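>>> fold the following, please.
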Amino acid sequence: MNVEWFDFELPEHLIAQTPLAERTASRLLTLDRQTGRIGHRSFTDLAEYLNPGDTLVLNDTRVLPARLLGFKPDTGARIELLLLKQLEDNRWETLAKPAKRLKAGSELWFGDNGTGGPLLRAVVESEGEMGARTVKFHYTGIFTEILEQLGEMPLPPYIRTRLADKERYQTVYAKHEGSAAAPTAGLHFTSSYLKQLQDKGINIAYVTLHVGLGTFRPMSVERIEDHVMHEEYYDLDENNAQKIRETKERGGRIIAVGTTSARTLETVAGRFPEGGIQACSGWTGIFIYPGYTFRLVDALLTNFHLPKSTLVMLVSALAGRDPIMRAYKEAVEREYRFFSFGDAMFIY
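Residues are numbered from 1 along each chain as shown. Next up, the predicted model:
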């Protein structure tokens, strides 16, 4: 299957650079998987498509302020690090820019401790491809508190506008820190709207998947089957596993909020092929593209994704490539806002 089959024209002005003032004010494109019918609604109309007994599954990961701006003390050269994956002993996998200046043994300083030294010091341990660097941090105090003080939100590369309020790149239910990017389909919800859905009889369940930067990396292969997905850490506790089990047992629908929730649910389903899913955690590199048969996910709320991205392939696996390409063409014609701060799409 060729990657080019998932390409489409996207005018740059449709890439949303800032969030709307009200989270629930976005538009909603709906796509019926059975008929291919496309609808154009407001996000709050989502309630009309949900039935009592359905369960919305939300990803409660919290984005780390993982973008660090510092310098090399020996040359004064400015350096940027993006934290991707925590390892043991204060070591992290990172993405560095400009990476060519950072060889093994290079030292980096971040912040000012008031006595001429840094609040946070890093030493490069090893070099990887495409700017990847493994570093070890040295500091006094609590790392997450230092990160909150020094770090910036790691907005995707296609967003060039500085974010005024860090919390607008967090979901209102964000809980477990560890993501390098937000699960953006969840940004549309407010606490009051979630309560409104619950009052209607819609159940809420949570999974955790810490989103990695690989989500935004372009595919470098021609054949989809040759692509290797990045791995991300996920967790499902027993309370939420029970909610999902009971929903399926009584015939309700499992509605994934975002591709990260969908990937987590399908990973879990793969661990329990006979059904009756249980609490579990681990690393997933699941790659969902057309030909895949969904086991748990019945419907999906998502944003609009990059051309030729693995996320366009995932939604095409759920709804079919041709219906998705038609829906995206219509979204462009009607000037929907795309990507992280953009409008929403409901596939049911």
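
>>> you'd agree Ala47 is up against Asp199?
No - look at Ala47 against Asp199 with Cβ atoms under 8 Å: they stay out of range, at 9.9 Å. All C-beta spots, glycine's among them, are computed from the backbone N, C-alpha and C.

>>> between the two, which is the more surrounded one?
Ala47 (13 against 9; other Cβ atoms under 10 Å).

>>> what about the more buried one, which SS state?
When classified by DSSP: H, G, I helix; E, B strand; the rest coil, Ala47 comes out as helix.

>>> repeat that for Leu311.
Relying on three-state DSSP, one would call Leu311 helix.

>>> quick one: the nearest residue to it once chain neighbours are set aside from Ala256, how far?
Nearest residue to Leu311, sequence neighbours excluded (Cβ to Cβ, 6 or more residues apart in numbering): His305, at 3.9 Å. To Ala256, His305 is 14 Å away according to Cβ to Cβ, to the nearest Å.

>>> next, the closest residue to Arg321 other than its chain neighbours: secondary structure please.
Using Cβ to Cβ, 6+ apart and skipping the chain neighbours, the partner closest in space to Arg321 is Pro290 (5.5 Å). The three-state label given to Pro290 by three-state DSSP is coil.

>>> what's near enough to touch Val124?
96, 102-108, 133-135 (Cβ atoms under 8 Å, 6 or more residues apart in numbering).

>>> and Gly251, by the same measure?
Contacts of Gly251 by Cβ under 8 Å, 6+ apart are Gly53.

>>> assumed it was part of a strand.
No - counting by three-state DSSP, Gly251 is not part of a strand but coil.

>>> residue contacts, Asn90?
Here Asn90 is in contact with 136-139, 143 (criterion: Cβ under 8 Å, 6+ apart).

>>> can you redo these as JSON lines with secondary structure and neighbour count?
Below are the contacts of Asn90 laid out as JSON lines (DSSP: H, G, I helix; E, B strand; the rest coil; neighbours: other Cβ atoms under 10 Å):
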{"residue": "Lys136", "secondary structure": "strand", "neighbour count": "14"}
{"residue": "Phe137", "secondary structure": "strand", "neighbour count": "21"}
{"residue": "His138", "secondary structure": "strand", "neighbour count": "11"}
{"residue": "Tyr139", "secondary structure": "strand", "neighbour count": "18"}
{"residue": "Phe143", "secondary structure": "helix", "neighbour count": "13"}
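
>>> so which of those residues comes closest to Leu29?
The closest of those to Leu29 turns out to be Phe143 (Cβ to Cβ; 41.1 Å).

>>> tell me the pLDDT of that closest one.
Looking at Phe143, its pLDDT is 95.

>>> I'd say it and Lys136 touch.
No - with contact defined as Cβ under 8 Å, Phe143 does not reach Lys136; the gap is 11.8 Å.

>>> compare His305 and Ala256 (neighbour count), which wins?
Ala256 (29 against 24).

>>> show me where the stretch 51-200 of the chain has its strands.
55-59, 61-63, 67-71, 78-86, 91-97, 107-110, 120-127, 132-139, 176-179 (DSSP state E, counting those that start in this stretch).

>>> Throw these into JSON lines and include mean pLDDT and distance to Gly39, thanks.
Formatted as JSON lines, the strands of the stretch 51-200 of the chain follow (pLDDT from 0 to 100; distance: least, Cβ to Cβ, whole Å):
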{"stretch": "strand 55-59", "mean pLDDT": "98", "distance to Gly39": "19"}
{"stretch": "strand 61-63", "mean pLDDT": "96", "distance to Gly39": "30"}
{"stretch": "strand 67-71", "mean pLDDT": "96", "distance to Gly39": "38"}
{"stretch": "strand 78-86", "mean pLDDT": "91", "distance to Gly39": "38"}
{"stretch": "strand 91-97", "mean pLDDT": "93", "distance to Gly39": "39"}
{"stretch": "strand 107-110", "mean pLDDT": "98", "distance to Gly39": "48"}
{"stretch": "strand 120-127", "mean pLDDT": "97", "distance to Gly39": "49"}
{"stretch": "strand 132-139", "mean pLDDT": "97", "distance to Gly39": "43"}
{"stretch": "strand 176-179", "mean pLDDT": "92", "distance to Gly39": "31"}
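
>>> which one of those lies closest to Lys195?
Using Cβ to Cβ, the strands of the stretch 51-200 of the chain put strand 55-59 closest to Lys195, at 12.3 Å.

>>> what pairs with the closest one, parallel or antiparallel?
strand 203-209 (parallel), strand 254-257 (parallel) (DSSP bridges).

>>> any idea which of those is most buried?
strand 254-257 (a mean of 27; mean count of other Cβ atoms under 10 Å).

>>> and for the helix or strand following that strand, what's in contact with it?
Note on strand 254-257: by DSSP states H and E, the next helix or strand toward the C-terminus is helix 259-271. Residues from elsewhere that reach helix 259-271, judged by Cβ under 8 Å, 6+ apart: 57-59, 61, 183, 185, 207-209, 211, 232, 234, 236, 241, 244, 254, 256, 277, 280, 284, 286, 288, 292, 294-297, 300, 302, 305, 311, 314-315, 318.
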